[in-house]
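**Student:** Predicted model follows, preceded by the sequence.
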Amino acid sequence: MAYRSEKDSETELEYYKYKYYNELKKGRPKVKFSDLAYRCPYCPGKSKQDYLFKELLQHASAVITSRSRSTKEKARHLALERYMRKYLDVKVHSELATKTECSKPHGDQGFVYPWKGIIANIKTEWKDGKHVGESGTRLREELSRKGFNPVRVHPIWNRLGHSGFAIAEFKSDWTGFNNAMSMEKSFEVDHCGKRDYYTAKNLGDKLFGWMAHKDDYDSNGPIGVYLRKSADVKTISGKEAEDQRKASTLVSNLTNTLEVQSLHLKQIENEYQETSASLNKLIGQKEDKLKAYNEEMKKMQQNTRDHLEKIFLEHEKVTLHLEAQKKRLEQHEKQLQQREAQNETDRRKLHDEKKMNERAAVEQKKADENFLKLAEEQKKEKEKLHRKTIELEKKLDAKQALELEVERMRGALQVMKHMGDDGDFEMKKKMDLIIEDLNEKVEELDHMEQLNQALIIKERKTNDEVQEARKELIAGLREVTARANIGVKRMGELDIKPFTTATKRKFPKEEAAEKAMVLCSQWEDYLRDPSWHPFKIIVDEGGNSKVCLYVIMEQFM
């Protein structure tokens, strides 16, 4: 049973191997992407996608010998190995042979990379305890004048100073390699090359130079130390293979990017087509709706015109009917005028008397209201005077009590003066305190007397004003008729009505009355102030002066 299963598996393996091998011969899955870049078409998800020819063969062999791979995977890689050995191995060997022939002089030689040249026998002199030589900048300028174009020249130093050597650095591309080789050949033509430097018995003052090779890189001197720190060793064939691998990777990446961009472009085109179709559909629906709307508007306008014509006809009928009725009423009016001509005079007299009675009643009502208001104001003035009288009595009592306290303290002071002749210090200190307290009480008493006198004067003045207003009111009431207006106004008092009208335009109704009272009070304070000048004299450029009212209402609002 196991033998049959193993035989079936081998048959299946041969079947799939032959199938995938035929597909590879037709070129359907691509294997070779450049001279040095190969890919496994059956392992697209691997992190390393680009292989050399031998690496891809090793990958296929590893999959074939793996026990964890399926029959199909092994068959695919068997077909891949057979295809590569039969169709690609010949091409690879021929291409490698061609490259070997082309790069035969330098293909296997090891060069220091990035490309570098060695300048030897640089003239030095002993100065201040160390060797001093020519700077790298001058050497670089000298080499550049000869057309070698080094990037920089770095002198090599050791513990004694300048070692007499310098490293010329060139660009890392093939142009830099050509410049370095040109420099080496130029020195060799002048018998100043590497071999000449090491075989010459007398170096003289000439500069020697050559391109840095692997033996320079591996040397033990300061040149080898510097090269090992700043560079590596590569062969020409290895550098070409690396450049080709980078180029193939770049081409592959660009191809993938192009494919992704193409897919994205197709997706955008599909979206554009869908959007365009949807937009065309919406435009068609909009045109249908607009057409239906225009037809509906035409119907509505026609119905409106018909309705207006009907109304116009009815209006003409009503107008004719009204004109006929107007004529009948005019005739009836003439008849009434003729009948009422006799009673017109009596009606006018009655109408005038009625108006006079109404006016008299209104004036009487106003007079009653003013009278009641005046009585209320007099009552408030009496209450205010009563409160002031009580306040004056309290202050008078306080004044009298203060006078008694002052007299008591003066008596106590006199007693202490008579008792303090014996020179008691405590008694003297107590007398000083009593004298100080007495002075404060006297000052307070003077202040109270001044305040009392001011209040008495103000109370008398207010009482005189009230009595004068009372006399004027009594004299006016004797002459008052039914149509007279009664009112009381203090001298210098402003009318609050204009302020109320102004605040109603600017503030809400609830705040207008309060704002008007505040504003009126402010204006009264300003008018009582003799130093307040609401006018300003302005002199123009011609010397003419004019008076301007510069008080703005808003500053009081």
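**Tutor:** Cool, got the structure.
**Student:** Give me the next element, helix or strand, following the helix-or-strand element of the chain with minimal mean pLDDT.
**Tutor:** Confidence across the helices and strands of the chain bottoms out at helix 89-102, with a mean of 45, counting by mean pLDDT, DSSP states H and E. Using DSSP states H and E, the helix or strand that directly follows helix 89-102 along the chain is strand 110-113.
**Student:** chain center to that next one, what's the gap?
**Tutor:** Taking Cα atoms, centre = their mean, to the nearest Å, the mean C-alpha location of strand 110-113 is offset from the chain mean by 57 Å.
**Student:** Which strands or helices does that strand pack on?
**Tutor:** Secondary structure elements in contact with strand 110-113, counted by 3 or more Cβ pairs under 8 Å, 6 or more residues apart in numbering; DSSP states H and E, are helix 214-217, strand 232-235. To be clear about C-beta, it is placed using only N, CA and C from the backbone, and glycine gets the same treatment.
**Student:** just so I know, which of the ones you listed lies nearest Arg305?
**Tutor:** Closest of those to Arg305 is strand 232-235, at 98.3 Å (criterion: Cβ to Cβ).
**Student:** Please give the number of neighbouring residues around Val63.
**Tutor:** One way to gauge burial is a neighbour count; for Val63, by other Cβ atoms under 10 Å, it gives 20.
**Student:** Please apply the same query to the one 10 residues further on.
**Tutor:** If you count neighbours by other Cβ under 10 Å, Glu73 ends up with 16.
**Student:** From the centroid of this structure, which residue is nearest?
**Tutor:** Ile268 (34.2 Å; Cα atoms, centre = their mean).
**Student:** Ser278 versus that one, what's the distance?
**Tutor:** With distances taken as Cβ to Cβ, to the nearest Å, Ile268 is found 15 Å from Ser278.
**Student:** any idea which helix or strand carries the residue lying closest to Tyr16 once chain neighbours are set aside?
**Tutor:** Taking Cβ to Cβ, 6 or more residues apart in numbering as the measure, Tyr16 lies nearest to Ala75, with 3.4 Å between them; neighbours along the chain are not counted. Under the criterion of DSSP H and E, Ala75 resides in helix 71-83.
**Student:** Can I get that helix in CSV, CA atoms only?
**Tutor:** Output of helix 71-83 as CSV, limited to C-alpha atoms (Å, rounded to 0.1, in the frame of the first residue of the first chain):
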residue,chain,number,x,y,z
THR,A,71,4.7,18.0,-4.6
LYS,A,72,3.6,20.9,-6.7
GLU,A,73,6.3,23.2,-5.3
LYS,A,74,9.0,20.6,-5.8
ALA,A,75,7.8,20.0,-9.4
ARG,A,76,7.9,23.8,-10.1
HIS,A,77,11.4,24.2,-8.9
LEU,A,78,12.6,20.9,-10.7
ALA,A,79,11.2,22.5,-13.9
LEU,A,80,12.9,25.8,-13.1
GLU,A,81,16.3,24.1,-12.5
ARG,A,82,16.1,22.1,-15.7
TYR,A,83,15.1,25.2,-17.7
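**Student:** Please name every helix or strand in contact with it.
**Tutor:** Contacting helix 71-83 under the criterion 3+ Cβ pairs under 8 Å, 6+ apart are the following elements: helix 2-25, helix 53-65.
**Student:** Return the set of buried residues in that helix.
**Tutor:** Neighbour-count burial for helix 71-83 flags 73-83 (criterion: 16 or more other Cβ atoms under 10 Å).
**Student:** How is the chain partitioned into domains?
**Tutor:** 2-102, 110-230, 352-479, 497-556 (automatic domain parsing).
**Student:** So for the shortest one, mean pLDDT?
**Tutor:** Within the predicted structure, the mean pLDDT of domain 497-556 is 74.
**Student:** if we can go back for a sec, mind giving me CSV with the helices and strands packed on strand 110-113 and columns for mean pLDDT and distance to Lys515?
**Tutor:** Written out in CSV, the entries for these read as follows (pLDDT from 0 to 100; distance: least, Cβ to Cβ, whole Å):
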stretch, mean pLDDT, distance to Lys515
helix 214-217, 87, 100
strand 232-235, 85, 94
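**Student:** got TSV for these, with mean neighbour count too?
**Tutor:** As requested, the helices and strands packed on strand 110-113 are arranged in TSV below (neighbours: other Cβ atoms under 10 Å):
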stretch	mean neighbour count
helix 214-217	17
strand 232-235	17
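**Student:** Quick check: which of the ones you listed is nearest to Ile119?
**Tutor:** Among these, helix 214-217 comes nearest to Ile119, with 12.2 Å by Cβ to Cβ.
**Student:** I'd like to know which elements the next helix-or-strand element following that closest one is packed against.
**Tutor:** Proceeding C-terminally, helix 214-217 gives way to helix 222-230 as the next helix or strand, assigned by DSSP H and E. Applying 3+ Cβ pairs under 8 Å, 6+ apart, one finds that helix 222-230 contacts strand 152-158, strand 161-169, helix 214-217.
**Student:** Can you lay out these as a markdown table showing distance to Pro508?
**Tutor:** Formatted as a markdown table, the entries for those read as follows, by distance: least, Cβ to Cβ, whole Å:
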| stretch | distance to Pro508 |
| --- | --- |
| strand 152-158 | 86 |
| strand 161-169 | 89 |
| helix 214-217 | 98 |
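**Student:** Can you say which of these is packed in most?
**Tutor:** Highest mean neighbour count among the helices and strands packed on helix 222-230 (mean count of other Cβ atoms under 10 Å): strand 161-169, with a mean of 22.
**Student:** so what secondary structure elements neighbour that strand?
**Tutor:** Packing contacts for strand 161-169, counted by 3+ Cβ pairs under 8 Å, 6+ apart, involve strand 116-120, strand 124-127, strand 130-133, helix 136-145, strand 152-158, helix 222-230.
**Student:** CA atoms of it as CSV?
**Tutor:** Extracted as CSV, the C-alpha positions of strand 161-169 are listed here (Å, rounded to 0.1, in the frame of the first residue of the first chain):
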residue,chain,number,x,y,z
GLY,A,161,54.9,64.9,11.4
HIS,A,162,54.4,64.8,7.7
SER,A,163,55.2,61.3,6.4
GLY,A,164,56.0,62.4,2.8
PHE,A,165,52.9,60.5,1.5
ALA,A,166,49.4,61.8,0.5
ILE,A,167,46.2,60.1,-0.5
ALA,A,168,44.3,61.5,-3.5
GLU,A,169,40.6,60.7,-3.4
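**Student:** average pLDDT across that strand?
**Tutor:** In the prediction, strand 161-169 has an average pLDDT of 87.
**Student:** Same question for stretch 126-138.
**Tutor:** Mean predicted lDDT for stretch 126-138 stands at 82.
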